[in-house]
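> this is a predicted model, with the sequence first.
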Amino acid sequence: MPSTTMRLIVITALALSQAFVVLSQHAEAAFQVGSSCDGPCASACEEYARKAGLPTDGWEIVHDVDGQPKCRRSDVKEICPGVDYLDADTKEKKCCQDVSGLTWIDKHAQLGKCCAKGHVWTYENAGGSKHGGCCPVGFHMNHGMCTPDTHPPPHMCPAGFHMYNGLCAPDILPPHHQCPIGTHLVDGKCIPGSPHQSCPAGTHLVDGQCVPLPGHCPQTCGNGHGGVEPSCTCTNSPVCGHGKHLGIKYGHCYILSFADGEQLGLDRDHTDYKKNGFFVDIPFKVCKSTTDCSRGKEVEQGEAFSLQDQHGLYKDLLSTKGWINDASGGAHMEFTTDLNHVGKFTGVPSCAGGECALQLHGPSGGALAYACPMPTPGLTLYGNPKVGQKLRFSEVTCDEYEVPLTSGINLN
C-alpha cells in the first residue's frame with residue numbers, strides 16, 4: 001500500500017512539472033522573436049509589448065545563451081534637441097542645441113566642441129588639444145585671448161631703433177653715451193621711462209615726468225552719499241552699498257563701468273553690449289519690471305531689477321528704449337525690445353578697482369561675467385556665482401540731452 005501511494009505522488013509531481021514548463025513557454029512566447037525575423041524586429045517587440053499592456057518604447061533585440069532573439073526594454077534615452085557629439089577631449093557624449101556653435105574636430109568620429117551661437121572652438125596656437133576655447137567667428141585663440149584671424153602689419157622702427165613694449169627705443173649705444181630724455185640705459189640699450197619711476201593710475205611718463213592722460217580725470221573713492229565730491233564735472237563717483245542695500249535706486253539712471261574705468265557700451269554693427277563698446281555713456285535705468293520704472297526706494301539684496309537702455313539703437317530715429325536681455329551660458333547679452341527676454345538681476349555690494357561696485361547675478365544664481373577672452377568682451381551669465389565681473393554704477397540724469405550728465409540729479 002505505501003508503495004502505491006508513493007507511486008501516485010511521483011506521477012502527480014511529474015505532471016505538475018510538465019504543466020509548469022508548458023505555461024512558462026507560453027508566457028515567454030509573447031516576448032520571443034522567431035529566428036527568421038528579417039524585417040524590423042524592434043517593431044515586432046513593440047507589438048508584443050502593446051498586446052501585453054506594457055510600454056512600447058525602448059525595446060531592443062537581444063539573444064539568449066542559445067542564440068535565440070528576444071525583446072528587452074532598455075532605459076529610455078533623452079532626446080537631443082540639436083546635434084549629438086562626443087567631446088573631442090573627454091570623449092563624453094554631449095548635445096549641442098545650436099548647430100551654428102558646433103565645431104567638428106573629427107566629424108567622421110563625431111568628435112567636436114560646442115560653443116554659443118556665432119562662436120567657434122579654436123585650439124591654442126601650438127598649445128595642443130587640451131588648450132583652447134570659444135571665440136566669435138573670425139577670431140582664434142592666442143595666449144588665452146581671442147584675436148582676429150587677420151593681423152595688421154607689424155610696426156617697423158627706423159634704423160638704429162628697436163621695438164620695446166610697443167615703442168621704438170634706440171639700439172645699443174657706445175660706452176659713456178647718454179640716452180635721450182625720457183629713456184634710460186638698460187644692458188646697453190635705451191629703454192623708455194625713468195630707471196626707478198612709475199606713474200600713478202591716470203598718468204603716464206613724458207620726458208621723465210608723470211603727466212595726466214589726455215582727457216582723463218583722476219577718480220576719488222565715493223561713498224554714494226555725497227561725502228566725496230566728484231573730481232570731474234561730468235563724472236560721479238560710483239554709488240556704494242551699505243548693509244542690505246545696494247546703493248542703487250529704482251527709477252534712477254546709471255552709467256556702468258568696469259574695474260579699469262572702461263564703460264559698458266553697445267556695439268555699432270550688432271546689438272551686443274561690450275566692454276568699451278562703440279557707443280558709451282549710456283544711461284541705464286533701474287526698473288522693478290518692464291512695466292514699472294517709477295522712482296522708488298533703494299534696491300535691497302535679493303530684490304530683482306532690470307536695466308533699461310535709455311538711448312536705443314543708433315539707426316532708430318525714434319530712440320526706442322530697450323533692455324539688456326537674459327543671455328546666459330556664453331551667449332552675448334544684447335539690446336532687446338522683446339519683453340519675454342528681458343534680463344532680471346540681483347546684486348551684492350562689492351569693490352572693483354578701488355571703487356564701490358556690484359556683483360550681479362541672474363535668476364538661477366549665476367554671475368555676470370565676460371563671455372569671451374577678448375580685449376572688448378561681451379557679457380553673459382555663467383553658473384559659478386563667485387566668478388564674475390563687477391560693475392560700478394555712477395548715477396547720471398535719465399535725460400540724455402542735459403549736459404553735463406551729472407547735473408540735475410535728484411538723489412531722493
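Good, I have the coordinates.

> okay, now the unreliable bits of the stretch 1-150 of the chain?
Applying pLDDT under 70 to the stretch 1-150 of the chain flags the ranges 1-42, 64-67, 75-78, 125-130.

> give me that answer again for 80
In the prediction, the stretch 1-150 of the chain carries residues with pLDDT under 80 at positions 1-44, 57-58, 61-70, 73-81, 98, 100, 123-131, 142-144, 149-150.

> now the strands for it?
Residue ranges of the strands in the stretch 1-150 of the chain, as given by DSSP state E, counting those that start in this stretch, are 59-63, 69-73, 83-87, 93-96, 102-106, 111-114, 119-123, 132-136, 139-142, 145-148.

> the last one - contacts with which helices or strands?
For strand 145-148, the packing partners by 3 or more Cβ pairs under 8 Å, 6 or more residues apart in numbering; DSSP states H and E come out as strand 132-136, strand 139-142. C-betas here are computed from N, CA, C, even on glycine.

> the closest residue to Leu264 other than its chain neighbours and Arg50: what is the separation?
The spatially closest residue to Leu264, leaving aside those adjacent along the chain, is Leu256, at 4.2 Å (Cβ to Cβ, 6 or more residues apart in numbering). Remark: distance between Leu256 and Arg50 (Cβ to Cβ, to the nearest Å) = 60 Å.

> try Gly144
Gly144 is 57 Å from Arg50, where distance means Cβ to Cβ.

> just to revisit the earlier point, and what about the residue nearest to Leu264, helix, strand or coil?
Classification of Leu256 by DSSP: H, G, I helix; E, B strand; the rest coil places it in strand.

> and the pLDDT at Asp292?
On pLDDT, Asp292 comes in at 95.

> can you give the strand pairings for the helix or strand hosting Ser306, parallel or anti for each?
Take DSSP states H and E as the rule and Ser306 turns out to sit in strand 306-309. Using DSSP bridges, the neighbouring strands of strand 306-309 in the sheet come out as strand 284-287 (antiparallel), strand 322-324 (antiparallel).

> around the residue nearest to Leu264, how many other residues sit close by?
24 (other Cβ atoms under 10 Å).

> of all the strands of the stretch 1-150 of the chain, which one is nearest Met374?
strand 145-148 (4.4 Å; Cβ to Cβ).

> may I have the closest one as PDB, with CA atoms only?
As requested, the backbone C-alpha atoms of strand 145-148 are provided in PDB (Å, rounded to 0.1, in the frame of the first residue of the first chain):
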ATOM      1  CA  MET A 145      42.700  85.700 -25.800                       C
ATOM      2  CA  CYS A 146      40.500  85.700 -28.900                       C
ATOM      3  CA  THR A 147      42.400  87.600 -31.600                       C
ATOM      4  CA  PRO A 148      41.400  88.400 -35.100                       C
END
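
> buried ones in it?
For strand 145-148, the neighbour count (16 or more other Cβ atoms under 10 Å) marks 146-147 as buried.

> please work out which residues outside it touch it.
Outside strand 145-148, the residues within contact range by Cβ atoms under 8 Å, 6 or more residues apart in numbering are 133, 135-136, 138-141, 372-375.

> hmm, back to that, wait, the residue nearest to Leu264 touches Glu395, no?
No. Under the criterion of Cβ atoms under 8 Å, Leu256 is not in contact with Glu395, lying 11.1 Å apart.

> dump the helices and strands packed on strand 145-148 to CSV, plus distance to Lys249 and mean neighbour count.
Compiled in CSV, the helices and strands packed on strand 145-148 are given as follows (distance: least, Cβ to Cβ, whole Å; neighbours: other Cβ atoms under 10 Å):
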stretch, distance to Lys249, mean neighbour count
strand 132-136, 36, 21
strand 139-142, 39, 19
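
> would you reformat the ones you listed as a markdown table and include distance to Lys70?
A markdown table is the format used below for the helices and strands packed on strand 145-148 (distance: least, Cβ to Cβ, whole Å):
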| stretch | distance to Lys70 |
| --- | --- |
| strand 132-136 | 46 |
| strand 139-142 | 51 |
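
> of all those strands, which one is nearest Gly118?
Proximity of these to Gly118 was assessed by Cβ to Cβ; the nearest stretch is strand 132-136, lying at 6.1 Å.

> ok, and what's touching that closest one?
Around strand 132-136, the neighbours that count as contacts under Cβ under 8 Å, 6+ apart are 101, 113, 115-116, 118-124, 141, 144, 146, 330, 372-374.

> that older thread, beta partners of the residue nearest to Leu264?
The residues paired with Leu256 through beta bridges, assigned by DSSP bridges, are Phe393.

> what about it, distance to Cys95?
34 Å.
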